[in-house]
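Enquirer: Task: produce atomic coordinates for the following.
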Amino acid sequence: MLFVCPKCMQKLNTEEGRAVCERGHSYDRSRHGYYNLLLSGSGGTHGDNREMVLARRAFLDTGAYSPLADKLAELVSRHLVPGGVLLDVGMGEGYYTAHIAARLDETGVPYTLLGFDISKDAARYAAKRVRGTVAVASAYRMPLASSSVDLALNVFSPLAHSELCRTVKSGGRFIMAIPNRRHLFGLKRELYREPYENEVAADVLGGFKLLERTELSYEITLGSSEQIQSLFMMTPYAYRTPPTAREHLGSLDTLTTEVEFIIFVYERDGT
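Expert: A predicted model of the protein is given here:
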């Protein structure tokens, strides 16, 4: 196993359905197939809840974001070295991870796949969807040895910069996808009186050199209330939308919206 103990950062060995380090810290493999490597102490529910995970799964399975999945798969297959370690940071329910793994399997190039998410509900579905080692863990304390990752992937997840610098090898790659300015603007038009564009951070990332920047932009039309609600429930807007706007959205049976992504490919410069 390439994950390490989150308490002491020592190597984990698997035995009889659990992972154990040399200091005796032990982590059971759940019946759903993932290891819980999230340190206790903060309490509460971590990450997306089951409702959000199921909504995202239902929406993504419509294929609405398949152009993004295809592009990520193409980039990973081009930038991952043969036999390399691929890490999906904040993998969600594993939609993009599975898509990428399928492309890599087609090429016949060997690789090792690791993925984690802070949400137990997400990890539960990801473990069923991908062939690799899946864990519940935090991006801000990755259970990985320093300089152990050849390519790290981040799709719409929080950016834990210092941990990326620690875990990605010198010369390794980091691929990140974020929403562009008018991503889901059509949805926002239905929710808010004054819809706003997303802020897009600069593409400079300390310790990494930008190799590629790709923008994807297209429109999607959702043809049912169920699809519209799935999209809405997988976004942060579900937390901060007034009840009247939620009711309006629930009355719609069709919605057309812009979909815009930016994908960055970085190289770890070793500094």
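Enquirer: alpha carbons only for contacts and neighbour counts from here, please
Expert: OK.
Enquirer: Now do the strands in this protein.
Expert: Applying DSSP state E to the chain gives strands spanning 12-15, 18-21, 26-28, 35-36, 84-89, 111-117, 133-136, 149-155, 168-179, 208-222, 255-268.
Enquirer: Could you dump these into a markdown table with mean pLDDT, distance to Tyr96 and mean neighbour count added?
Expert: Output for those, formatted as a markdown table (pLDDT from 0 to 100; distance: least, Cα to Cα, whole Å; neighbours: other Cα atoms under 10 Å):
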| stretch | mean pLDDT | distance to Tyr96 | mean neighbour count |
| --- | --- | --- | --- |
| strand 12-15 | 93 | 26 | 16 |
| strand 18-21 | 95 | 26 | 19 |
| strand 26-28 | 94 | 26 | 17 |
| strand 35-36 | 96 | 20 | 23 |
| strand 84-89 | 98 | 9 | 23 |
| strand 111-117 | 98 | 11 | 24 |
| strand 133-136 | 96 | 14 | 25 |
| strand 149-155 | 98 | 8 | 23 |
| strand 168-179 | 98 | 11 | 22 |
| strand 208-222 | 97 | 16 | 15 |
| strand 255-268 | 98 | 13 | 19 |
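Enquirer: so can I have CSV of the ones you listed showing distance to Ala126?
Expert: Output for the strands of the chain, formatted as CSV (distance: least, Cα to Cα, whole Å):
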stretch, distance to Ala126
strand 12-15, 20
strand 18-21, 18
strand 26-28, 17
strand 35-36, 12
strand 84-89, 11
strand 111-117, 9
strand 133-136, 7
strand 149-155, 14
strand 168-179, 19
strand 208-222, 25
strand 255-268, 22
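Enquirer: so who does Ala58 touch?
Expert: Gln227, Ser230 (Cα atoms under 8 Å, 6 or more residues apart in numbering).
Enquirer: what sits opposite the nearest residue to Glu215 once chain neighbours are set aside in the beta ladder?
Expert: Once flanking residues are discounted, Glu215 sits nearest to Ile262: 4.5 Å by Cα to Cα, 6 or more residues apart in numbering. With DSSP bridges applied, Ile262 shows beta-bridge pairing to Ile178, Glu215.
Enquirer: before we move on, the earlier item: Thr62 is nearest to which of the strands of the chain?
Expert: Set against Thr62 and scored by Cα to Cα, the strands of the chain come closest in strand 208-222, at 9.6 Å.
Enquirer: Next, the angle from the closest one to strand 255-268.
Expert: 170 degrees (axes from the mean of the first three to the mean of the last three Cα atoms, to 10 degrees).
Enquirer: Pull the CA coordinates from strand 208-222 and hand them back as CSV.
Expert: Output in CSV follows, covering the C-alpha atoms of strand 208-222 (Å, rounded to 0.1, in the frame of the first residue of the first chain):
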residue,chain,number,x,y,z
PHE,A,208,5.2,24.5,-10.1
LYS,A,209,5.8,25.6,-13.7
LEU,A,210,2.7,26.0,-16.0
LEU,A,211,2.9,23.7,-19.0
GLU,A,212,-0.6,23.9,-20.5
ARG,A,213,-3.8,25.8,-20.1
THR,A,214,-7.0,24.6,-21.8
GLU,A,215,-10.4,26.1,-21.8
LEU,A,216,-13.6,24.2,-22.5
SER,A,217,-16.9,26.0,-23.2
TYR,A,218,-20.2,24.7,-24.4
GLU,A,219,-24.0,24.7,-23.5
ILE,A,220,-26.1,22.0,-22.0
THR,A,221,-29.8,21.7,-21.9
LEU,A,222,-31.4,19.7,-19.0
